[in-house]
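In: How does the following fold in three dimensions:
(one chain, ligands or ions: 1)
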Amino acid sequence: MATPATVITSATADLLRSPRPASRPTVDAVMEAVIGRGKKLIDKAVPILLLGETGTGKEYLTRLLHAHCARRDAPLVAVNCGAIPESLIESELFGYVKGAFSGALAGGMKGKVTEAHGGVLFLDEIGDMPLAQQTRLLRVLSEREVTPLGACRPVPVDFLLVCATTQNLEAKVADGTFREDLYYRIAGGVLRLPPLRERMDLAALILKFIQAELPDADAADVLPPSVMEVLLQQPWPGNVRQLSATIRYSCAVMEGSVLSESDLPDGMARKFAPPLSARSGRTVARPVSQVPATRASADNVYVLDTSRRDTGGRLDAGDMPEHAAGMRKDASERERVLDALDQHGWNMSASARALGICRASLYRVLRRMDIPLIREQASASTRSRNF
Ligand SMILES: Nc1ncnc2c1ncn2[C@@H]1O[C@H](COP(=O)(O)OP(=O)(O)OP(=O)(O)O)[C@@H](O)[C@H]1O
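Out: Residues are numbered from 1 along each chain as shown. Below you'll find the model as predicted:
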């Protein structure tokens, strides 16, 4: 798979400057603040909305908050609204009584909302919930009771609510695909989880995952500084999920007791190697340490190496205004997704794993990038589409 253009943040730059794992921060202040605030909110039964890229740990945090709160002995019921077919979401969430419709289970179905009674309901990918179910959910939240399909009487429900999304819900409210009244109902406390590339505790997380894989070894002995550096330089688009999968893979294939760069997943060790896009004359990323300070100072910037390019007379990102550089990022992401699909024979599960995201996220990415689900339909024109 082509190495993606590397997103280097000032946080990552600080990590790279720090010579030894031991001297790197073991906690991330932003993450700590998010956890601290989450605990206060759940203690006060304030509905929490978790925002963040895929794999940043929204469900992990929800489990942590459930384990912390007074309702820890009651169930945590998690529902991925993006993974349930639209036709089933109604019964899955709100349940039905026996005989409610042909094909219904003989004894009826309780529904996740009722199952969460007394505990915590986690609605993942709430942005994917169809409008009709949003309306029903709003009624449940305001009236604190649910009426299963076919039932005559509502059932009282009492649960703490945590919702999560990778999407921009405010934009969905603005374009009319998410109810504004529901947004304010679920967004009692909005917490943003930082992407892995911005976390100051990245090195500590790497060691933690190695330790979990090799409990009898000392993680610091297993990981030489050169390999740590390669890991710190990755853009981690799949965030903690991708990191965890990478460490599991590397520990599984390693020979002997020390990890080497060749144990990392394919392509990862090719530090700052020109991605596919660079071979066709695109601008590539390089370490912040090699970039003039003024361009490397802001968080979340694409640091573009204007010295390693063969533009063939074309404009490149260094010459472009910011929005054009953003368009380049989209194009390079598109190349990366298509490369992963090609390499895995358009098998969605394998391609999603390679990209470090879940299958539902891959489907969303394909929809967003307007990539057809079938290889034959993804013609050459799809790949070369201009952003
Ligand atoms: N701090 C952490 N320590 C250990 N494992 C973690 C941590 N954060 C996340 N993980 C692990 O990373 C993986 C992804 O986390 P999680 O499913 O919570 O992400 P998410 O933000 O909910 O992703 P998505 O938006 O795709 O649903 C999980 O296997 C989770 O256990």
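
In: how is the protein carved up into domains?
Out: Domain ranges of the chain: 10-27+197-263, 29-192, 276-383, per automatic domain parsing.

In: For Leu161, see how far away the residue of the chain found nearest the ligand is.
Out: For the chain and the ligand, the shortest gap (CB to the nearest ligand atom) falls at Gly57, measuring 3.1 Å. Using the backbone N, CA and C atoms, a C-beta is placed for each residue, glycine as well. Separation of Gly57 from Leu161 (CB to CB, to the nearest Å) stands at 19 Å.

In: Do I have it right that the residue of the chain closest to the ligand meets Leu243?
Out: No. With contact defined as CB atoms under 8 Å, Gly57 does not count as touching Leu243 (10.5 Å).

In: returning to what we had before: columns mean neighbour count and mean pLDDT on top of the domains of the chain, output as a markdown table?
Out: Converted to a markdown table, the domains of the chain look like this (neighbours: other CB atoms under 10 Å; pLDDT from 0 to 100):
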| stretch | mean neighbour count | mean pLDDT |
| --- | --- | --- |
| domain 10-27+197-263 | 17 | 88 |
| domain 29-192 | 17 | 94 |
| domain 276-383 | 16 | 51 |
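
In: Quick one: closest of those to Ala269.
Out: Among these, domain 10-27+197-263 comes nearest to Ala269, with 3.7 Å by CB to CB.

In: and that closest one, how far out from the chain's middle?
Out: 19 Å (CA atoms, centre = their mean, to the nearest Å).

In: for the most centrally placed residue in the chain, phi and psi?
Out: Nearest residue to the geometric centre of the chain (CA atoms, centre = their mean): Thr54, 0.8 Å. Phi and psi for Thr54, reported as degrees, to the nearest 10, are phi -60, psi 140.

In: check contacts around it.
Out: Thr166, Gly238, Asn239, Arg241, Ile357, Cys358, Ser361 (CB atoms under 8 Å, 6 or more residues apart in numbering).

In: and the residues you listed, which of them are in helices?
Out: In this view, the contacts of Thr54 that belong to helices under DSSP state H are Asn239, Arg241, Ser361.

In: secondary structure class for the closest residue to Ser142 other than its chain neighbours?
Out: Spatial nearest neighbour of Ser142, excluding adjacent residues (CB to CB, 6 or more residues apart in numbering): Arg185 at 7.1 Å. The three-state label given to Arg185 by DSSP: H, G, I helix; E, B strand; the rest coil is helix.

In: Surely Pro195 touches Asn239?
Out: Yes. The pair Pro195 / Asn239 is scored as a contact, 5.8 Å apart, by CB under 8 Å.

In: okay, and the common contacts of those two?
Out: Gly52, Glu53, Thr56.

In: what about the last one, which SS state?
Out: Per three-state DSSP, the secondary structure class of Thr56 is coil.

In: dump the residue contacts of it.
Out: Taking CB under 8 Å, 6+ apart, one finds Leu193, Pro194, Pro195, Leu196, Asn239, Val240 in contact with Thr56.

In: Make TSV out of those residues and add distance to Glu333.
Out: Shown next, in TSV, are the contacts of Thr56 (distance: CB to CB, whole Å):
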residue	distance to Glu333
Leu193	20
Pro194	19
Pro195	14
Leu196	16
Asn239	15
Val240	19
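
In: which pair in those residues spans the largest distance?
Out: Pro194 and Val240 (10.6 Å).

In: What segments of the stretch 201-350 of the chain are helices?
Out: 202-213, 219-222, 225-232, 239-253, 276-279, 293-296, 322-343, 348-355 (DSSP state H, counting those that start in this stretch).

In: If you count contacts, what does the third one end up packed against?
Out: For helix 225-232, the packing partners by 3 or more CB pairs under 8 Å, 6 or more residues apart in numbering; DSSP states H and E come out as helix 10-17, helix 202-213.

In: can you check the first one too?
Out: Using 3+ CB pairs under 8 Å, 6+ apart as the contact criterion, the secondary-structure elements in contact with helix 202-213 are helix 10-17, helix 219-222, helix 225-232, helix 239-253.

In: Let me have those in TSV, extended by distance to the ligand.
Out: Formatted as TSV, these follow (distance: least, CB to the nearest ligand atom, whole Å):
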stretch	distance to the ligand
helix 10-17	16
helix 219-222	14
helix 225-232	15
helix 239-253	4
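
In: and these as a markdown table, adding distance to Leu264?
Out: Output for the helices and strands packed on helix 202-213, formatted as a markdown table (distance: least, CB to CB, whole Å):
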| stretch | distance to Leu264 |
| --- | --- |
| helix 10-17 | 17 |
| helix 219-222 | 13 |
| helix 225-232 | 7 |
| helix 239-253 | 6 |
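
In: Does the ligand have contacts with stretch 154-173?
Out: Yes. Using CB under 6 Å from any ligand atom, stretch 154-173 reaches the ligand at Ala164, Thr166.

In: for the ligand, what are the nearby residues on the stretch 201-350 of the chain?
Out: Residues of the stretch 201-350 of the chain lying near the ligand (CB under 6 Å from any ligand atom): Val240, Arg241, Ser244.

In: repeat that with 5 Å
Out: Val240, Arg241 (CB under 5 Å from any ligand atom).

In: now the farthest one out in the protein, which residue is it?
Out: Extreme point of the chain relative to centroid (CA atoms, centre = their mean) is Cys152; 40.6 Å.

In: Show me the helices in the stretch 51-200 of the chain, by range?
Out: 58-68, 86-94, 112-115, 131-143, 169-174, 180-186.

In: got the contact list for the last one?
Out: Right, the one you point to is helix 180-186. Outside helix 180-186, the residues that reach it (CB under 8 Å, 6+ apart) are 47, 49, 123, 126, 134-135, 137-138, 141-142, 161, 163, 169-170, 173.

In: Now it - C-alpha only, PDB.
Out: C-alpha atoms of helix 180-186 as PDB (Å, rounded to 0.1, in the frame of the first residue of the first chain):
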ATOM      1  CA  GLU A 180     -31.700  20.200  15.500                       C
ATOM      2  CA  ASP A 181     -33.800  19.500  18.500                       C
ATOM      3  CA  LEU A 182     -32.300  16.000  18.800                       C
ATOM      4  CA  TYR A 183     -28.800  17.400  18.500                       C
ATOM      5  CA  TYR A 184     -29.300  19.700  21.500                       C
ATOM      6  CA  ARG A 185     -30.900  16.900  23.400                       C
ATOM      7  CA  ILE A 186     -27.900  14.500  23.000                       C
END
